[in-house]
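Novice: The sequence and its predicted three-dimensional model are supplied below.
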Amino acid sequence: MTWMRWRPAADRALYGADGFYRRPEGPAGHFRTSVHASGLYAGAVARLLGEVDAALGRPDELAFVDVGAGRGELVTGVLAALPPDTAARVRPYAVELAARPAGLPDAVLWTDTVPSGAVGLLFANEWLDNVPLDVAERDADGALRYVEVAPDGGERLGGALDAADAAWAERWWPEGDRVELGGPRDAAWAAAVGALERGLAVAVDYAHTAGARPPFGTLTGFRAGREVPPVPDGSCDLTAHVALDAAAVPGVHSLWTTQRDALHALGVHGGRPPLALASDDPAAYLRALGGAGEAAELTDRGGLGAFGWLLQAVRMPVPPLLGALPGWQTLVP
């Protein structure tokens, strides 16, 4: 039986030649993200892009960089939701390792790397949770050791942590029996933010911050709409929540809030339409009721609304619409 640490095992299982994220059905064949739940999400991101555009002084070319683009659902929805005058200036990128899907708008540049020098909005929806990382557990003496995993998902303790992982754990996750070592995610996010010439970088994920780390970790699997044990054989998604405060790039203005508050600021609310509309225009009432249900799902405190949003403004002011939101907390990495 071949044993290896979780990071290389997950990397092979997710992104290898026959990995989970290269399967033809794509992520939507196994789980619903906010993008798949409702077109209101793409509409909100389009509004955010408009706010960034204004804060940047409406540049001649405005980038929208969709990192972890899946099969292009978000970038397609954002382009469709933009007003024509803005859409004419937008340069859309979809960053994904899988092959370009059929039917994607010709304007979208499909790439496996984050473009360098873009000016605009970089948006990473449920990307960092799929950046593979190592896992550690405490041994009988309380020392952290790497967890090794077999192809069938069985685990055992391996060697002691190297200096970089030990320092990360001490700084960001000093307590708990099981620690998910987020250094690779911090590096991936730093590279994405660093690629922006000017603009706003947004990471959206199930997340935790200092003082509320899960004591036994969060690593799990998903297949065909169901949570399953994490097995690194390419048959399921492998995901773990993100330490977003650790990921925040030092020296860049950083804000954190929940998806619920962010989407409320961007005009997505789950309020029921007035009953009078049912009499005056039944069809409009039904449409509004459906939209309210979708908005409620996106902002549900116990579901998608609990996602963390990390925003980092690179050589630009924070858009007033977002900076004025009471729910924001300034992060100091």
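Specialist: That came in fine, so what should we check first?

Novice: Run through the helices of this protein in chain order.
Specialist: For the chain, the helices defined by DSSP state H cover 6-15, 34-37, 39-55, 73-81, 84-87, 163-172, 183-195, 244-247, 259-265, 276-280, 282-298, 320-323.

Novice: shaky segments in the stretch 1-150 of the chain?
Specialist: Scanning the stretch 1-150 of the chain for pLDDT under 70 picks out 1, 25-32, 38.

Novice: quick one: the strands in it?
Specialist: Taking DSSP state E, counting those that start in this stretch, the strands of the stretch 1-150 of the chain run over residues 4-5, 62-67, 90-95, 109-111, 118-125, 134-138, 144-149.

Novice: so which of those gets nearest Ala13?
Specialist: Nearest to Ala13 among the strands of the stretch 1-150 of the chain is strand 144-149 (9.7 Å), distances taken as C-beta to C-beta. Quick note: C-beta positions are derived from backbone N, CA and C, even for glycine.

Novice: Packing partners of that closest one?
Specialist: Helices and strands touching strand 144-149, by 3 or more C-beta pairs under 8 Å, 6 or more residues apart in numbering; DSSP states H and E, are strand 4-5, helix 6-15, strand 134-138, strand 155-160.

Novice: mind redoing it with 6 Å?
Specialist: strand 134-138, strand 155-160 (3 or more C-beta pairs under 6 Å, 6 or more residues apart in numbering; DSSP states H and E).

Novice: Look up how far Ala247 lies from Ala124.
Specialist: Ala124 sits 10 Å away from Ala247, going by C-beta to C-beta, to the nearest Å.

Novice: quick one, which of those two is more surrounded?
Specialist: More neighbours surround Ala247 than the other of Ala124 and Ala247, with 28 against 25 (other C-beta atoms under 10 Å).

Novice: Make TSV out of the strands of the stretch 1-150 of the chain and add distance to Asp177.
Specialist: Below are the strands of the stretch 1-150 of the chain laid out as TSV (distance: least, C-beta to C-beta, whole Å):
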stretch	distance to Asp177
strand 4-5	18
strand 62-67	32
strand 90-95	35
strand 109-111	40
strand 118-125	29
strand 134-138	5
strand 144-149	10
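
Novice: Nearest to Ala187, out of those?
Specialist: For the strands of the stretch 1-150 of the chain, proximity to Ala187 was assessed by C-beta to C-beta; strand 134-138 is nearest, at 12.9 Å.
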